[in-house]
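Participant: Got a predicted structure plus its sequence, pasted below:
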Amino acid sequence: MSIFFEKMTQAFADEKIDPIANKKIPIQYCCHNYEDFSEKITQILSKYKNNKVFILHDGKNKKSDKDSNTNILEKISKILANTFSVIEKNLATESNSNCDEIHASEYFLKKTTDLILNETDCEIYIALGSGTITDLLKHSLFLNKPNALFISIPTAMTVTAFSSSFSVVDISGAKRTRQSKDIYATFWLTPLLQAAPMELSRAGYGDLLARFVAYGDWYLGFKLGISEKYDELAFRLMEVFAEPLKQVASEFGQKELSTRAVEISAAALAMAGIAMSLSGETTPLSGYEHVISHALDFLRLSSDRPLVLHGEQVALASLTSAMSFEWLLEIENFDLKKFRSMNEKDTNQIINHFFSAAPFFGKDEDKFSESERKKIDINLSAKLHSAKEIFISDYLKKSQKWDIAKERFTDFIHEWPEIKAHLKKLTLSSHSMQALLEQAQLPIFPEATTPNTTALEYRWAIRFAPFIRSRFCLADFIFWIGEDCCIAAAT
Ligand SMILES: [Zn+2]
(Lines give C-alpha, C1' and ligand atoms only; values in the text may rest on other atoms or scores of the structure.)
Protein backbone atom coordinates (compact mmCIF):
# COMPACT_ATOMS: atom_id res chain seq x y z
CA MET A 1 0.00 0.00 0.00
CA SER A 2 1.19 3.50 -0.66
CA ILE A 3 2.13 5.85 2.16
CA PHE A 4 -0.38 8.39 0.87
CA PHE A 5 -3.25 5.91 1.16
CA GLU A 6 -1.97 5.13 4.64
CA LYS A 7 -2.25 8.86 5.42
CA MET A 8 -5.90 8.56 4.51
CA THR A 9 -6.40 5.68 6.94
CA GLN A 10 -4.60 7.68 9.62
CA ALA A 11 -6.78 10.73 8.97
CA PHE A 12 -9.92 8.62 9.53
CA ALA A 13 -8.44 7.25 12.76
CA ASP A 14 -7.66 10.80 13.94
CA GLU A 15 -11.28 11.73 13.37
CA LYS A 16 -12.48 8.51 15.04
CA ILE A 17 -14.15 7.36 11.84
CA ASP A 18 -14.26 3.63 11.16
CA PRO A 19 -13.83 3.32 7.37
CA ILE A 20 -14.90 -0.31 7.37
CA ALA A 21 -18.17 0.23 9.18
CA ASN A 22 -19.04 3.41 7.29
CA LYS A 23 -20.87 2.65 4.03
CA LYS A 24 -20.04 6.10 2.67
CA ILE A 25 -16.38 5.10 2.60
CA PRO A 26 -15.53 2.73 -0.24
CA ILE A 27 -12.57 0.44 0.32
CA GLN A 28 -9.62 2.11 -1.41
CA TYR A 29 -7.05 -0.05 -3.15
CA CYS A 30 -3.91 1.37 -4.65
CA CYS A 31 -2.41 -1.39 -6.84
CA HIS A 32 1.07 -1.06 -8.33
CA ASN A 33 0.63 -3.99 -10.70
CA TYR A 34 -2.05 -6.23 -12.17
CA GLU A 35 -1.12 -9.27 -10.07
CA ASP A 36 -1.89 -7.22 -6.99
CA PHE A 37 -5.17 -6.08 -8.53
CA SER A 38 -6.12 -9.62 -9.49
CA GLU A 39 -5.46 -10.89 -5.99
CA LYS A 40 -7.39 -8.09 -4.26
CA ILE A 41 -10.46 -8.06 -6.47
CA THR A 42 -10.77 -11.85 -6.42
CA GLN A 43 -10.47 -11.73 -2.67
CA ILE A 44 -13.17 -9.12 -2.08
CA LEU A 45 -15.52 -10.79 -4.55
CA SER A 46 -14.75 -14.35 -3.41
CA LYS A 47 -18.24 -15.05 -2.12
CA TYR A 48 -19.62 -14.28 -5.59
CA LYS A 49 -17.40 -16.86 -7.37
CA ASN A 50 -18.73 -17.99 -10.80
CA ASN A 51 -21.26 -15.17 -10.72
CA LYS A 52 -21.71 -12.54 -13.36
CA VAL A 53 -19.68 -9.34 -13.36
CA PHE A 54 -20.93 -6.46 -15.49
CA ILE A 55 -18.38 -3.96 -16.85
CA LEU A 56 -19.46 -0.65 -18.37
CA HIS A 57 -16.93 1.25 -20.51
CA ASP A 58 -16.94 3.91 -23.22
CA GLY A 59 -15.21 1.92 -25.95
CA LYS A 60 -12.13 4.12 -26.07
CA ASN A 61 -8.84 2.34 -26.51
CA LYS A 62 -6.87 2.87 -23.29
CA LYS A 63 -3.46 1.40 -22.58
CA SER A 64 -3.11 -0.77 -19.48
CA ASP A 65 0.37 0.61 -18.83
CA LYS A 66 2.69 3.04 -20.57
CA ASP A 67 5.05 0.43 -22.03
CA SER A 68 2.57 -2.08 -23.39
CA ASN A 69 -0.11 -1.98 -26.01
CA THR A 70 -2.57 -4.15 -24.16
CA ASN A 71 -5.94 -2.52 -23.87
CA ILE A 72 -7.18 -2.05 -20.29
CA LEU A 73 -10.56 -3.64 -21.00
CA GLU A 74 -8.90 -6.76 -22.37
CA LYS A 75 -6.57 -6.88 -19.39
CA ILE A 76 -9.25 -6.50 -16.72
CA SER A 77 -11.73 -8.82 -18.45
CA LYS A 78 -9.09 -11.52 -18.71
CA ILE A 79 -8.27 -11.25 -15.01
CA LEU A 80 -11.93 -11.38 -13.99
CA ALA A 81 -12.79 -14.17 -16.44
CA ASN A 82 -10.65 -16.56 -14.38
CA THR A 83 -13.25 -16.46 -11.62
CA PHE A 84 -16.37 -14.80 -13.02
CA SER A 85 -18.60 -14.69 -16.02
CA VAL A 86 -17.87 -11.27 -17.53
CA ILE A 87 -20.45 -9.13 -19.33
CA GLU A 88 -18.85 -6.19 -21.14
CA LYS A 89 -20.94 -3.31 -22.37
CA ASN A 90 -19.67 -0.53 -24.57
CA LEU A 91 -21.93 2.46 -23.94
CA ALA A 92 -20.85 4.18 -27.15
CA THR A 93 -21.95 1.35 -29.46
CA GLU A 94 -24.97 0.51 -27.32
CA SER A 95 -26.22 4.07 -27.69
CA ASN A 96 -25.13 4.53 -31.33
CA SER A 97 -22.86 7.37 -30.32
CA ASN A 98 -19.28 8.37 -30.66
CA CYS A 99 -17.39 7.77 -27.40
CA ASP A 100 -16.58 11.50 -27.17
CA GLU A 101 -20.27 12.37 -27.22
CA ILE A 102 -21.07 10.46 -24.04
CA HIS A 103 -21.88 12.69 -21.12
CA ALA A 104 -23.96 12.33 -17.98
CA SER A 105 -27.23 13.37 -19.60
CA GLU A 106 -30.73 11.94 -19.28
CA TYR A 107 -30.30 10.23 -22.64
CA PHE A 108 -27.20 8.26 -21.65
CA LEU A 109 -28.64 7.56 -18.23
CA LYS A 110 -31.62 5.92 -19.92
CA LYS A 111 -29.30 3.86 -22.16
CA THR A 112 -27.30 2.73 -19.14
CA THR A 113 -30.49 1.79 -17.33
CA ASP A 114 -31.67 -0.31 -20.29
CA LEU A 115 -28.36 -2.19 -20.16
CA ILE A 116 -28.44 -2.98 -16.46
CA LEU A 117 -32.12 -3.93 -16.44
CA ASN A 118 -31.36 -6.47 -19.14
CA GLU A 119 -29.16 -8.35 -16.67
CA THR A 120 -31.70 -9.84 -14.31
CA ASP A 121 -29.33 -12.00 -12.27
CA CYS A 122 -26.17 -9.88 -12.07
CA GLU A 123 -25.17 -8.39 -8.72
CA ILE A 124 -21.71 -6.95 -9.38
CA TYR A 125 -21.23 -3.84 -11.50
CA ILE A 126 -17.95 -2.22 -12.45
CA ALA A 127 -17.47 1.19 -14.04
CA LEU A 128 -14.22 1.02 -15.96
CA GLY A 129 -13.60 4.52 -17.23
CA SER A 130 -14.01 8.20 -16.76
CA GLY A 131 -16.10 10.16 -14.29
CA THR A 132 -18.94 10.18 -16.80
CA ILE A 133 -19.14 6.39 -17.10
CA THR A 134 -18.86 6.16 -13.31
CA ASP A 135 -21.62 8.71 -12.68
CA LEU A 136 -23.95 7.12 -15.22
CA LEU A 137 -23.61 3.60 -13.84
CA LYS A 138 -23.59 4.78 -10.22
CA HIS A 139 -26.78 6.77 -10.68
CA SER A 140 -28.58 4.19 -12.74
CA LEU A 141 -27.85 1.53 -10.10
CA PHE A 142 -29.01 3.90 -7.37
CA LEU A 143 -32.34 4.32 -9.12
CA ASN A 144 -32.83 0.78 -10.37
CA LYS A 145 -30.67 -1.72 -8.48
CA PRO A 146 -29.88 -0.15 -5.11
CA ASN A 147 -28.64 -3.44 -3.64
CA ALA A 148 -26.10 -4.22 -6.34
CA LEU A 149 -22.38 -4.16 -5.54
CA PHE A 150 -20.67 -1.27 -7.31
CA ILE A 151 -16.95 -0.98 -7.95
CA SER A 152 -15.16 1.85 -9.73
CA ILE A 153 -11.92 1.52 -11.65
CA PRO A 154 -10.86 4.97 -12.84
CA THR A 155 -8.95 5.04 -16.12
CA ALA A 156 -7.72 8.57 -15.40
CA MET A 157 -7.54 10.70 -12.26
CA THR A 158 -9.99 13.30 -13.47
CA VAL A 159 -12.78 13.90 -10.94
CA THR A 160 -13.99 12.98 -7.46
CA ALA A 161 -16.74 10.68 -8.80
CA PHE A 162 -14.74 7.49 -8.22
CA SER A 163 -15.14 7.48 -4.46
CA SER A 164 -18.12 9.74 -3.76
CA SER A 165 -21.77 8.83 -3.40
CA PHE A 166 -22.88 11.71 -5.62
CA SER A 167 -23.49 11.91 -9.34
CA VAL A 168 -23.50 14.96 -11.55
CA VAL A 169 -26.25 14.66 -14.14
CA ASP A 170 -27.18 17.38 -16.60
CA ILE A 171 -30.82 18.23 -17.00
CA SER A 172 -31.52 20.45 -20.03
CA GLY A 173 -27.97 21.80 -19.83
CA ALA A 174 -28.23 22.63 -16.13
CA LYS A 175 -25.78 20.43 -14.24
CA ARG A 176 -27.21 19.02 -11.05
CA THR A 177 -25.50 17.02 -8.32
CA ARG A 178 -27.66 14.22 -6.99
CA GLN A 179 -27.33 11.85 -4.07
CA SER A 180 -26.36 8.54 -5.62
CA LYS A 181 -25.25 5.02 -4.84
CA ASP A 182 -22.54 4.29 -2.27
CA ILE A 183 -19.49 2.72 -3.88
CA TYR A 184 -18.21 -0.54 -2.48
CA ALA A 185 -14.59 -0.28 -3.59
CA THR A 186 -12.31 1.84 -5.78
CA PHE A 187 -9.24 0.41 -7.48
CA TRP A 188 -6.50 2.90 -8.30
CA LEU A 189 -4.16 1.06 -10.69
CA THR A 190 -0.96 3.08 -10.85
CA PRO A 191 0.33 1.63 -14.19
CA LEU A 192 -3.02 2.42 -15.83
CA LEU A 193 -3.22 5.92 -14.33
CA GLN A 194 0.35 6.64 -15.35
CA ALA A 195 -0.51 5.72 -18.94
CA ALA A 196 -3.52 8.05 -19.02
CA PRO A 197 -3.17 11.20 -21.15
CA MET A 198 -1.43 13.94 -19.15
CA GLU A 199 -4.12 16.52 -19.95
CA LEU A 200 -6.61 14.34 -18.07
CA SER A 201 -4.42 13.91 -14.98
CA ARG A 202 -3.66 17.63 -15.06
CA ALA A 203 -7.36 18.44 -15.20
CA GLY A 204 -7.97 16.15 -12.23
CA TYR A 205 -5.32 18.05 -10.36
CA GLY A 206 -7.10 21.27 -11.33
CA ASP A 207 -10.38 19.97 -9.91
CA LEU A 208 -8.64 19.33 -6.58
CA LEU A 209 -7.51 22.95 -6.37
CA ALA A 210 -11.12 23.82 -5.56
CA ARG A 211 -10.21 22.53 -2.14
CA PHE A 212 -8.18 25.69 -1.53
CA VAL A 213 -11.08 28.09 -2.09
CA ALA A 214 -14.47 26.31 -1.80
CA TYR A 215 -14.44 26.23 1.98
CA GLY A 216 -14.54 30.02 1.93
CA ASP A 217 -17.91 29.92 0.17
CA TRP A 218 -19.36 27.49 2.69
CA TYR A 219 -18.12 29.41 5.70
CA LEU A 220 -19.30 32.77 4.35
CA GLY A 221 -22.74 31.33 3.52
CA PHE A 222 -23.01 29.94 7.01
CA LYS A 223 -21.98 33.19 8.67
CA LEU A 224 -24.56 35.05 6.60
CA GLY A 225 -27.24 32.60 7.68
CA ILE A 226 -27.83 31.36 4.13
CA SER A 227 -26.40 27.87 4.75
CA GLU A 228 -27.87 26.13 7.78
CA LYS A 229 -25.05 23.81 8.72
CA TYR A 230 -21.29 24.04 8.57
CA ASP A 231 -18.51 21.77 9.69
CA GLU A 232 -14.80 21.50 9.01
CA LEU A 233 -14.44 17.73 9.01
CA ALA A 234 -13.91 17.62 5.24
CA PHE A 235 -11.40 20.48 5.52
CA ARG A 236 -9.35 18.56 8.06
CA LEU A 237 -9.54 15.34 6.05
CA MET A 238 -8.28 17.13 2.95
CA GLU A 239 -5.69 19.11 4.88
CA VAL A 240 -3.62 15.91 5.07
CA PHE A 241 -2.99 16.26 1.32
CA ALA A 242 -2.61 20.05 1.15
CA GLU A 243 1.20 20.09 1.28
CA PRO A 244 1.78 16.99 -0.91
CA LEU A 245 -0.57 18.49 -3.51
CA LYS A 246 1.35 21.76 -3.58
CA GLN A 247 4.69 19.97 -3.84
CA VAL A 248 3.61 17.84 -6.76
CA ALA A 249 2.21 20.70 -8.93
CA SER A 250 5.18 20.89 -11.30
CA GLU A 251 4.95 17.20 -12.22
CA PHE A 252 1.65 17.94 -13.94
CA GLY A 253 3.47 20.37 -16.19
CA GLN A 254 5.70 17.57 -17.46
CA LYS A 255 5.26 14.67 -19.85
CA GLU A 256 4.86 11.89 -17.36
CA LEU A 257 3.89 11.46 -13.72
CA SER A 258 6.06 9.61 -11.25
CA THR A 259 4.45 6.81 -9.22
CA ARG A 260 4.61 9.14 -6.22
CA ALA A 261 2.67 11.86 -8.04
CA VAL A 262 0.05 9.31 -9.12
CA GLU A 263 -0.30 8.11 -5.53
CA ILE A 264 -0.68 11.64 -4.15
CA SER A 265 -3.19 12.65 -6.76
CA ALA A 266 -5.19 9.39 -6.49
CA ALA A 267 -5.25 9.48 -2.68
CA ALA A 268 -6.27 13.15 -2.65
CA LEU A 269 -9.02 12.57 -5.23
CA ALA A 270 -10.24 9.53 -3.31
CA MET A 271 -10.26 11.52 -0.07
CA ALA A 272 -12.03 14.44 -1.75
CA GLY A 273 -14.88 12.17 -2.87
CA ILE A 274 -15.12 10.57 0.56
CA ALA A 275 -14.94 13.91 2.41
CA MET A 276 -17.92 15.13 0.37
CA SER A 277 -19.89 11.93 0.99
CA LEU A 278 -19.24 12.21 4.74
CA SER A 279 -20.36 15.84 4.71
CA GLY A 280 -23.52 14.77 2.93
CA GLU A 281 -22.94 17.47 0.33
CA THR A 282 -20.40 18.52 -2.28
CA THR A 283 -19.98 21.94 -0.62
CA PRO A 284 -16.45 21.28 0.76
CA LEU A 285 -15.04 20.97 -2.76
CA SER A 286 -17.52 22.83 -4.86
CA GLY A 287 -17.95 26.55 -4.42
CA TYR A 288 -17.80 29.61 -6.65
CA GLU A 289 -15.16 27.95 -8.87
CA HIS A 290 -17.52 25.09 -9.78
CA VAL A 291 -20.38 27.48 -10.36
CA ILE A 292 -18.29 29.37 -12.94
CA SER A 293 -17.39 26.04 -14.55
CA HIS A 294 -21.05 25.00 -14.69
CA ALA A 295 -21.98 28.36 -16.25
CA LEU A 296 -19.34 27.83 -18.95
CA ASP A 297 -20.66 24.30 -19.54
CA PHE A 298 -24.16 25.70 -19.83
CA LEU A 299 -23.07 27.95 -22.71
CA ARG A 300 -21.46 25.02 -24.49
CA LEU A 301 -24.21 22.48 -23.84
CA SER A 302 -26.84 24.93 -25.10
CA SER A 303 -25.06 25.29 -28.43
CA ASP A 304 -23.89 21.65 -28.66
CA ARG A 305 -20.23 22.60 -28.46
CA PRO A 306 -17.70 20.20 -26.91
CA LEU A 307 -17.00 20.88 -23.24
CA VAL A 308 -13.68 22.06 -21.85
CA LEU A 309 -12.14 19.54 -19.46
CA HIS A 310 -13.94 20.04 -16.15
CA GLY A 311 -10.77 20.31 -14.07
CA GLU A 312 -9.16 22.82 -16.43
CA GLN A 313 -12.13 25.12 -16.01
CA VAL A 314 -12.27 24.58 -12.26
CA ALA A 315 -8.56 25.39 -11.92
CA LEU A 316 -8.93 28.67 -13.82
CA ALA A 317 -12.07 29.52 -11.86
CA SER A 318 -10.29 28.70 -8.59
CA LEU A 319 -7.89 31.53 -9.41
CA THR A 320 -10.87 33.82 -10.05
CA SER A 321 -12.36 32.74 -6.75
CA ALA A 322 -9.09 33.33 -4.86
CA MET A 323 -8.90 36.84 -6.39
CA SER A 324 -12.52 37.53 -5.48
CA PHE A 325 -11.94 36.47 -1.88
CA GLU A 326 -9.01 38.85 -1.70
CA TRP A 327 -11.25 41.61 -3.01
CA LEU A 328 -13.80 40.76 -0.33
CA LEU A 329 -11.19 40.74 2.42
CA GLU A 330 -10.35 44.35 1.52
CA ILE A 331 -13.85 45.53 2.41
CA GLU A 332 -14.01 47.52 5.62
CA ASN A 333 -17.54 48.88 5.47
CA PHE A 334 -20.65 47.77 3.61
CA ASP A 335 -22.88 50.27 1.85
CA LEU A 336 -26.33 49.01 2.81
CA LYS A 337 -28.02 51.37 0.34
CA LYS A 338 -26.52 49.38 -2.54
CA PHE A 339 -27.90 46.01 -1.37
CA ARG A 340 -30.03 44.12 -3.88
CA SER A 341 -33.17 42.06 -3.41
CA MET A 342 -35.10 40.35 -6.18
CA ASN A 343 -38.53 38.76 -6.46
CA GLU A 344 -39.61 36.19 -9.05
CA LYS A 345 -40.44 38.79 -11.68
CA ASP A 346 -37.07 40.52 -11.31
CA THR A 347 -35.28 37.16 -11.48
CA ASN A 348 -37.14 36.19 -14.62
CA GLN A 349 -36.24 39.51 -16.18
CA ILE A 350 -32.57 39.39 -15.32
CA ILE A 351 -32.22 35.80 -16.55
CA ASN A 352 -33.93 36.76 -19.83
CA HIS A 353 -31.46 39.57 -20.12
CA PHE A 354 -28.52 37.21 -19.48
CA PHE A 355 -29.85 34.70 -22.02
CA SER A 356 -30.25 37.29 -24.73
CA ALA A 357 -26.70 38.54 -24.18
CA ALA A 358 -25.15 35.06 -23.75
CA PRO A 359 -22.23 34.19 -26.06
CA PHE A 360 -23.56 30.66 -26.62
CA PHE A 361 -21.27 30.11 -29.60
CA GLY A 362 -18.02 31.34 -28.10
CA LYS A 363 -15.55 32.46 -30.73
CA ASP A 364 -18.05 31.77 -33.54
CA GLU A 365 -20.49 34.31 -32.09
CA ASP A 366 -19.86 36.90 -34.85
CA LYS A 367 -19.96 34.45 -37.74
CA PHE A 368 -23.73 34.33 -38.15
CA SER A 369 -25.75 36.58 -40.44
CA GLU A 370 -28.79 38.29 -38.98
CA SER A 371 -31.20 35.74 -40.46
CA GLU A 372 -29.08 32.80 -39.29
CA ARG A 373 -28.99 34.31 -35.84
CA LYS A 374 -32.77 34.64 -35.77
CA LYS A 375 -33.19 30.97 -36.63
CA ILE A 376 -30.69 29.99 -33.96
CA ASP A 377 -32.44 32.13 -31.36
CA ILE A 378 -35.78 30.46 -32.07
CA ASN A 379 -34.22 26.99 -31.68
CA LEU A 380 -32.38 28.04 -28.55
CA SER A 381 -35.32 29.64 -26.79
CA ALA A 382 -37.27 26.35 -26.86
CA LYS A 383 -34.26 24.56 -25.46
CA LEU A 384 -33.55 27.19 -22.82
CA HIS A 385 -37.05 27.34 -21.46
CA SER A 386 -36.74 24.45 -18.99
CA ALA A 387 -33.23 25.49 -17.94
CA LYS A 388 -34.62 28.94 -17.13
CA GLU A 389 -37.35 27.46 -14.94
CA ILE A 390 -34.72 25.53 -12.95
CA PHE A 391 -32.46 28.59 -12.62
CA ILE A 392 -35.32 30.80 -11.39
CA SER A 393 -36.63 28.37 -8.79
CA ASP A 394 -33.10 27.60 -7.53
CA TYR A 395 -32.15 31.26 -7.31
CA LEU A 396 -35.31 32.17 -5.39
CA LYS A 397 -34.52 29.58 -2.73
CA LYS A 398 -31.34 31.37 -1.64
CA SER A 399 -32.64 34.83 -2.45
CA GLN A 400 -35.44 34.38 0.10
CA LYS A 401 -32.84 33.42 2.70
CA TRP A 402 -30.85 36.54 1.82
CA ASP A 403 -33.94 38.70 2.37
CA ILE A 404 -34.09 37.37 5.91
CA ALA A 405 -30.31 37.52 6.45
CA LYS A 406 -30.25 41.17 5.34
CA GLU A 407 -32.39 42.10 8.30
CA ARG A 408 -29.73 40.76 10.67
CA PHE A 409 -26.82 42.22 8.78
CA THR A 410 -25.63 44.36 11.69
CA ASP A 411 -24.68 41.12 13.51
CA PHE A 412 -22.61 40.11 10.50
CA ILE A 413 -20.90 43.52 10.37
CA HIS A 414 -20.13 43.21 14.04
CA GLU A 415 -18.37 39.90 13.47
CA TRP A 416 -16.78 40.90 10.15
CA PRO A 417 -13.15 41.24 11.38
CA GLU A 418 -13.19 37.67 12.81
CA ILE A 419 -14.98 36.31 9.76
CA LYS A 420 -12.31 37.87 7.55
CA ALA A 421 -9.53 36.36 9.62
CA HIS A 422 -11.05 32.89 9.34
CA LEU A 423 -11.74 33.27 5.61
CA LYS A 424 -8.08 34.05 5.15
CA LYS A 425 -7.18 30.75 6.83
CA LEU A 426 -9.60 28.77 4.71
CA THR A 427 -8.57 30.15 1.32
CA LEU A 428 -5.31 30.26 -0.57
CA SER A 429 -3.96 33.61 -1.78
CA SER A 430 -4.33 34.30 -5.50
CA HIS A 431 -0.57 34.60 -5.70
CA SER A 432 -0.06 31.01 -4.43
CA MET A 433 -2.96 29.72 -6.51
CA GLN A 434 -1.51 31.26 -9.67
CA ALA A 435 1.89 29.73 -8.91
CA LEU A 436 0.29 26.25 -8.64
CA LEU A 437 -1.56 26.73 -11.93
CA GLU A 438 1.59 27.89 -13.67
CA GLN A 439 3.68 25.00 -12.37
CA ALA A 440 1.04 22.49 -13.40
CA GLN A 441 0.56 24.26 -16.77
CA LEU A 442 -3.10 24.80 -16.09
CA PRO A 443 -4.80 27.82 -17.70
CA ILE A 444 -4.50 31.18 -15.95
CA PHE A 445 -6.65 33.00 -18.50
CA PRO A 446 -9.77 31.88 -20.45
CA GLU A 447 -8.11 31.68 -23.89
CA ALA A 448 -5.70 29.03 -22.58
CA THR A 449 -8.36 26.35 -22.00
CA THR A 450 -8.78 23.48 -24.48
CA PRO A 451 -10.89 24.17 -26.49
CA ASN A 452 -10.41 27.85 -25.74
CA THR A 453 -12.85 30.09 -23.95
CA THR A 454 -13.36 33.69 -25.03
CA ALA A 455 -13.01 36.52 -22.52
CA LEU A 456 -16.66 37.31 -23.24
CA GLU A 457 -17.80 33.79 -22.32
CA TYR A 458 -15.77 33.92 -19.15
CA ARG A 459 -17.09 37.31 -18.06
CA TRP A 460 -20.63 36.14 -18.81
CA ALA A 461 -20.10 33.03 -16.67
CA ILE A 462 -18.79 35.10 -13.74
CA ARG A 463 -21.73 37.51 -13.88
CA PHE A 464 -24.27 34.71 -14.35
CA ALA A 465 -22.80 32.73 -11.42
CA PRO A 466 -25.54 33.78 -8.91
CA PHE A 467 -28.17 32.11 -11.12
CA ILE A 468 -26.53 28.73 -11.70
CA ARG A 469 -27.64 26.83 -8.62
CA SER A 470 -29.48 27.08 -5.33
CA ARG A 471 -26.43 26.77 -3.11
CA PHE A 472 -24.78 29.99 -1.97
CA CYS A 473 -21.36 31.03 -3.22
CA LEU A 474 -19.28 34.21 -3.05
CA ALA A 475 -20.77 35.48 -6.34
CA ASP A 476 -24.18 35.72 -4.66
CA PHE A 477 -22.82 37.88 -1.91
CA ILE A 478 -20.99 40.17 -4.33
CA PHE A 479 -24.19 40.51 -6.35
CA TRP A 480 -26.40 41.06 -3.31
CA ILE A 481 -24.22 43.80 -1.87
CA GLY A 482 -24.60 45.63 -5.17
CA GLU A 483 -21.14 45.01 -6.61
CA ASP A 484 -19.98 43.50 -9.90
CA CYS A 485 -18.51 39.97 -9.85
CA CYS A 486 -16.24 40.80 -12.81
CA ILE A 487 -14.70 43.76 -11.00
CA ALA A 488 -14.18 41.66 -7.86
CA ALA A 489 -12.46 39.00 -9.99
CA ALA A 490 -10.15 41.42 -11.72
CA THR A 491 -8.35 42.82 -8.71
ZN1 LIG B 1 -15.25 19.17 -9.86
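Facilitator: Now that the structure is in, tell me what you want to look at. Please read all numbers here as calculations on a predicted model, not as lab measurements. Numbers count the residues shown, from 1 in each chain.
Participant: When you work out contacts or count neighbours from here on, use the C-alpha atoms and nothing else.
Facilitator: Fine.
Participant: what's the burial count for Lys40?
Facilitator: Counted with other Cα atoms under 10 Å, the neighbours of Lys40 add up to 15.
Participant: That one: what secondary structure?
Facilitator: Following DSSP: H, G, I helix; E, B strand; the rest coil, the label given to Lys40 is helix.
Participant: can you tell me how far it sits from Thr9?
Facilitator: 18 Å (Cα to Cα, to the nearest Å).
Participant: again, but for Glu289
Facilitator: Noted for Glu289: a distance of 29 Å to Thr9, by Cα to Cα.
Participant: the more surrounded of those two?
Facilitator: The residue with more neighbours, out of Glu289 and Thr9, is Glu289; 31 against 16, by other Cα under 10 Å.
Participant: Pull out the buried positions in stretch 477-491.
Facilitator: Phe477, Ile478, Phe479, Trp480, Ile481, Gly482, Glu483, Cys485, Cys486, Ala488, Ala489 (16 or more other Cα atoms under 10 Å).
Participant: hang on, Ser152 in a strand?
Facilitator: Yes - Ser152: assigned to a strand according to three-state DSSP.
Participant: That one and Ala185 touch, don't they?
Facilitator: Yes - judged on Cα atoms under 8 Å, Ser152 makes contact with Ala185 at a distance of 6.5 Å.
Participant: Who has more neighbours out of the two?
Facilitator: Ser152 (30 against 21).
Participant: Mind listing the residues bridging to that one?
Facilitator: Ala127, Thr186 (DSSP bridges).
Participant: can you count the residues close to Ala242?
Facilitator: Neighbours around Ala242, by other Cα under 10 Å: 17.
Participant: pLDDT at the closest residue to Pro306 other than its chain neighbours, what is it?
Facilitator: Computed as Cα to Cα, 6 or more residues apart in numbering, the closest residue to Pro306 that is not its neighbour in sequence is Arg300, at 6.6 Å. Arg300 is assigned a pLDDT of 93 by the prediction.
Participant: Report the distance from the lowest-mean-pLDDT helix or strand in the chain to the chain centre.
Facilitator: When the helices and strands of the chain are compared on mean pLDDT, DSSP states H and E, strand 174-179 comes out lowest with a mean of 81. Relative to its parent chain, strand 174-179 has a centroid offset of 10 Å by Cα atoms, centre = their mean, to the nearest Å.
Participant: What residues sit buried inside that strand?
Facilitator: Ala174, Lys175, Gln179.
Participant: Also stretch 15-30?
Facilitator: For stretch 15-30, using 16+ other Cα under 10 Å, the buried residues are Pro19, Lys24, Ile25, Pro26, Ile27, Gln28, Tyr29, Cys30.
Participant: where exactly do the helices run in the stretch 101-250 of the chain?
Facilitator: Here the stretch 101-250 of the chain has its helices, by DSSP state H, counting those that start in this stretch, at 106-118, 131-144, 190-195, 198-208, 214-224, 233-239, 242-247.
Participant: Out of those helices, which is closest to Ile390?
Facilitator: Closest of those to Ile390 is helix 106-118, at 15.5 Å (criterion: Cα to Cα).
Participant: model confidence over the closest one, on average?
Facilitator: For helix 106-118, the per-residue pLDDT averages 96.
Participant: Any figure for the gap between Phe108 and Asp58?
Facilitator: Relative to Asp58, Phe108 is positioned 11 Å away (Cα to Cα).
Participant: Could you double-check that Gly482 lies in contact with Lys338?
Facilitator: Yes - using Cα under 8 Å, Gly482 makes contact with Lys338 at a distance of 5.0 Å.
Participant: quick one, what contacts the closest residue to Ser140 other than its chain neighbours?
Facilitator: Computed as Cα to Cα, 6+ apart, the closest residue to Ser140 that is not its neighbour in sequence is Thr113, at 5.5 Å. When contacts are counted by Cα atoms under 8 Å, 6 or more residues apart in numbering, Thr113 is found next to Leu137, Ser140, Leu141, Asn144.
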